[in-house]
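**Student:** Generate a structure from the sequence data that follows.
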Amino acid sequence: MLSVRHLAAAYGRSQVLFDVRLDISDGQVVTLLGRNGMGKTTTVRSIMGLMTPSAGTIEIDGIDARGMAPEKIARRGVGLVPEGRQVFPTLSVRENLIATAGNRLGRSRPWTLPRIYDLFPPLRRYADRSAATLSGGEQQMLAVGRALMTNPKLLILDEATEGLSPVVRAEIWRCIETLKAEGQSILLIDKNLHVLQRVADCHFILEKGRTVWSGTSADLVRDADKVHRYIGV
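**Tutor:** Below is the predicted model:
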């Protein structure tokens, strides 16, 4: 579904990515790991067309997507839950959910308002409230719901549980496991390695803008010492 090869990207003269490799197949949950500042969000921005890479390839379902406009990436079935949530604060919960809703790929069982409300019951209770009045955890639920309403083939969650309470984190992980069981392809950026080992199929680690390790959850456990050198604090 997604293939990234030799990806390089820069902000002006400051190069951030040098050689990123990443693969996601249909139905897989894949993580992108690394310490802060190693290039994870820049990789996501490049995949989403929010910045133009200086080198390398990005293919979505075999189509060259490098430099493609963000709206065209979205139409090809890539949904993003961005770092910091970025919900529309002046719109209601319901308006946030329907603002970009669509079933462009013709899913047989598309995401709808009732399904989102079943996944995240607090959103049903607060459907008519302004998004700005929600807690951080509720806004994260809304951001996930909004992305799902586009019915993506690939869902990207950048810092899925950062800054959330333990109760809300558990709710987000429950949601991710539900989506995995339904065959949703997911790219996850998060720091909770213990949970990621359980829910993800494959992992890619970035260090200074390069993919330096990749493997399954079993490989992650086996190479624990090496992995800790790359992502340990």
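**Student:** phi, psi of N103?
**Tutor:** Here is the backbone geometry of N103 (degrees, to the nearest 10): phi -130, psi 60.
**Student:** Just the strands from the protein, written as ranges.
**Tutor:** Ranges of strands in the chain, per DSSP state E, are 2-11, 14-24, 29-33, 55-60, 63-64, 78-81, 154-158, 185-189, 202-207, 210-216.
**Student:** Mind putting these into CSV with distance to L142, mean neighbour count and mean pLDDT?
**Tutor:** (Glycine included, C-beta is placed from N, CA and C.) CSV is the format used below for the strands of the chain (distance: least, CB to CB, whole Å; neighbours: other CB atoms under 10 Å; pLDDT from 0 to 100):
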stretch, distance to L142, mean neighbour count, mean pLDDT
strand 2-11, 25, 18, 96
strand 14-24, 25, 19, 96
strand 29-33, 21, 24, 96
strand 55-60, 26, 18, 96
strand 63-64, 30, 10, 92
strand 78-81, 10, 24, 94
strand 154-158, 13, 24, 95
strand 185-189, 18, 24, 96
strand 202-207, 28, 22, 96
strand 210-216, 32, 17, 96
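**Student:** Please produce TSV containing those, extended by distance to P89.
**Tutor:** Formatted as TSV, the strands of the chain follow (distance: least, CB to CB, whole Å):
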stretch	distance to P89
strand 2-11	27
strand 14-24	29
strand 29-33	28
strand 55-60	30
strand 63-64	34
strand 78-81	16
strand 154-158	19
strand 185-189	23
strand 202-207	31
strand 210-216	36
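**Student:** Among those strands, single out whichever gets nearest to P122.
**Tutor:** strand 78-81 (16.5 Å; CB to CB).
**Student:** Extract the CA atoms of the closest one and return them as CSV.
**Tutor:** The C-alpha trace of strand 78-81 is given here as CSV (Å, rounded to 0.1, in the frame of the first residue of the first chain):
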residue,chain,number,x,y,z
VAL,A,78,-4.6,8.4,3.3
GLY,A,79,-6.1,10.0,6.4
LEU,A,80,-4.0,11.9,9.0
VAL,A,81,-4.5,12.5,12.7
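**Student:** Which strands or helices does it pack on?
**Tutor:** Packed against strand 78-81 by the contact rule (3 or more CB pairs under 8 Å, 6 or more residues apart in numbering; DSSP states H and E) you find helix 136-148, strand 154-158.
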